[in-house]
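S.K.: Just the structure for this:
(one chain, ligands or ions: 1)
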Amino acid sequence: MNPLTEQEIRTAFVNCTKGEAKRLFVPHDLAERPWEDLDFLGWRDPQNPHRAYLATWLDGRQVALVLRSPGAAAWQTRRSMCSLCLTTHTGGVSLMVAAKAGRAGQQGNSVGAYICSDLACPLYVRGRKDAGIGARLPESLSTEEKIQRTLANLARFIAKITT
Ligand SMILES: [Zn+2]
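M.R.: Model (predicted):
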């Protein structure tokens, strides 16, 4: 995907206040990220293990999300599958909860999805990162088709948050 700058990311958040978007943690090494291998950039907050963020392009516009990832629970030790990239990890998938955008979010509505805890889905899909034996089901899809499927899953997740 096209690289994103810190300023673009901060202005792209759809489900937090402008003040929060200004203050939240954005990685300092954006210039060194492997953008050509990313369908979205996901990162965790080093100050707060329960916070994660995701930034991407959707229909030519930048979109960024604030995600809450509740603490470790029984399900984290089981094998579970990421709903975006369909990689299965033992203990490496987290429930990520996003407040909905706008008024619905202010009223406490949110959307949850199981997502790779390290938010490295694009790298798992491309085989650039290994999640261990049996992590990916044998499939006849090409890498490009898997990328398209991951993007479609992400677009559906974002649509649930913004509509
Ligand atoms: Zn994933």
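S.K.: Please count neighbours and contacts with C-alpha atoms only from this point.
M.R.: OK.
S.K.: Run a quick neighbour tally on Cys16.
M.R.: Neighbour count of Cys16, defined by other C-alpha atoms under 10 Å: 19.
S.K.: Can you give me the pLDDT of it?
M.R.: Per-residue pLDDT puts Cys16 at 96.
S.K.: pretty sure it is touching Ala101, no?
M.R.: Yes: using C-alpha atoms under 8 Å, Cys16 is in contact with Ala101, at 7.5 Å.
S.K.: The ion contacts on this protein?
M.R.: Residues of the chain lying close to the ion by C-alpha under 5 Å from the ion are 82, 85, 116, 121.
S.K.: which among those residues gets closest to Arg149?
M.R.: Checking the residues of the chain next to the ion against Arg149 by C-alpha to C-alpha gives Cys85 as the nearest, at 7.6 Å.
S.K.: Name the SS class of that closest one, please.
M.R.: Classification of Cys85 using DSSP: H, G, I helix; E, B strand; the rest coil returns coil.
S.K.: Now do the same contact list for the residue nearest to it when sequence neighbours are not counted.
M.R.: In space, and not counting its chain neighbours, Cys85 is closest to Thr150: 5.0 Å by C-alpha to C-alpha, 6 or more residues apart in numbering. Applying C-alpha atoms under 8 Å, 6 or more residues apart in numbering, we find Thr150 in contact with 84-85, 122.
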